[in-house]
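K.L.:
Sharing a model that was predicted from the sequence below.
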Amino acid sequence: MEEIRVDLGERSYSILIGDGIIEDTGEIIREWELDGKVLVVTNPTVAEWYLKPLTDSLIAAGFTFKVVMVPDGEVYKNLEEAEKIYNLLISNQYDRKSLLIALGGGVIGDLTGFVAATYLRGVRFIQIPTTLLAQVDASVGGKVAVNHPRGKNLIGSFYQPSLVISDVGTLLTLPETELHSGVAEVIKHGLIMDENYFQFICGEIQLIREANPGIMTWIVAGSCNIKSRIVEADEKESSLRAILNYGHTIGHALETITDYTGFKHGAAVAVGMIAAAKIAWQLEVLKDASLIDQLIELCGDFNLPVRIDGFSIESIIEAIYYDKKMAHGKVNWILPCEIGKVIISAEVSESLVREVLKELGGSK
Ligand code: NAD
Ligand code: GLY
């Protein structure tokens, strides 16, 4: 089992990574002295595979617990579902020593974290992420939120978990598109921070595609290590943490214009990373165009989109700039200089963005 420590003073915590470790959850919680009355939050899809090993281990370790089931889907990451969890906590007299466990992907993690941050002004919670995206990104760094009808993640906070237990064995049951969506964030981590990690990914494509637990342990540990170092330096995203948004400017616009149904998050980020690299090349921020070719090839290896054929350039531009104009803000672009190094720049003209979108197949 690997352990990555996130050093945030009194909010520090560990990320434990291994194959089959869900079965040890009860024991691990005792070892980490996180005892308390437990509420497990999950969804029916994940529960079918992983609820029993988790609850068996809680029973074996002598925990009192209840389980709350949230329907599966992004649309349920909302205040209504949060309220149902609050109601259950209140009617069962969960106190400030309670422990919430999020068993699932980023939707369950964000929702459970939001409830933990707000119930009785904050109770402890553990993340047990079961998607690659949640293991390498959503479960680390303490961004918790629910969606509002007007937009994603509009209601939330920074609230760190007490522990993250990442069982890479769970990735074997993940649908391929979900696995690949997580891989896009893994590629991002290499590109923004660590060339060796990026080259390691390039050398292990087949094993990653198979979600081989040995390789995935290294991948999840590698990404968590990179993300943790960034979060330690800038927990609340006042500067450096923004580099984690590489690929997200255009990626988020693509998700918005397709109503969050056209692209998996990572797929949108993949093509967003390619677009941002092309912008960087035009601005001579990127020194060697082979990075773009390598990125396109790597995304292709995981069936991630590398073009935006048929998508309207106007709609993408509106989605990128609308919110910022409303807030009188500028769009901050994350641009690669080389593999492992990016800069943050607000100096990207709208006309250059249009040009690159056209090059990638965007339509009028
Ligand atoms: P998700 O939670 O919707 O999970 C994707 C699908 O996989 C779901 O249908 C789920 O039931 C299923 N699933 C989960 N684990 C499985 C397993 N092991 N086997 C089979 N099926 C499984 O999606 P996600 O991609 O994990 O997370 C997306 C969410 O995360 C979004 O709401 C996004 O806003 C949030 N997010 C948060 C952060 C953060 O820093 N807090 C970062 C990135 C994304
Ligand atoms: N997912 C980006 C961040 O955690 O900052």
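P.N.:
Looks like it arrived, so ask away. Ligands and ions are numbered 1, 2, ... in the order given.

K.L.:
average pLDDT across the helix or strand residue 336 falls within?
P.N.:
When elements are assigned from DSSP states H and E, residue 336 belongs to strand 333-338. Averaging pLDDT along strand 333-338 gives 97.

K.L.:
Return the residues of this protein in contact with ligand 2.
P.N.:
137, 141, 143, 237, 241, 244 (C-beta under 6 Å from any ligand atom). In this view, the C-beta of every residue, glycine as well, is placed from N, C-alpha and C.

K.L.:
so what's the backbone phi/psi at the nearest residue to residue 231 once chain neighbours are set aside?
P.N.:
Residue nearest to residue 231 in three dimensions, not counting chain neighbours: residue 141, with 4.3 Å by C-beta to C-beta, 6 or more residues apart in numbering. Taking degrees, to the nearest 10, you get phi 110, psi -10 for the backbone angles of residue 141.

K.L.:
Return the residues in contact with residue 141.
P.N.:
Residues near residue 141 by C-beta atoms under 8 Å, 6 or more residues apart in numbering: 6, 160, 227-228, 231, 235, 241.

K.L.:
so can I have a markdown table of those residues showing neighbour count?
P.N.:
Below are the contacts of residue 141 laid out as a markdown table (neighbours: other C-beta atoms under 10 Å):
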| residue | neighbour count |
| --- | --- |
| 6 | 23 |
| 160 | 23 |
| 227 | 25 |
| 228 | 19 |
| 231 | 24 |
| 235 | 17 |
| 241 | 18 |
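
K.L.:
Narrow those residues to those in strands?
P.N.:
residue 6 (DSSP state E).

K.L.:
Show me where this structure dips below the pLDDT cut-off.
P.N.:
Counting by pLDDT under 70, the ranges of the chain that qualify are 323-328.

K.L.:
And the residue of the stretch 201-350 of the chain closest to ligand 1?
P.N.:
residue 265 (5.7 Å; C-beta to the nearest ligand atom).

K.L.:
ok, and the closest non-adjacent residue to that residue?
P.N.:
residue 181 (5.8 Å).

K.L.:
does the one you found really touch residue 251, like I thought?
P.N.:
No: applying C-beta atoms under 8 Å, one finds residue 181 not in contact with residue 251, separated by 11.0 Å.
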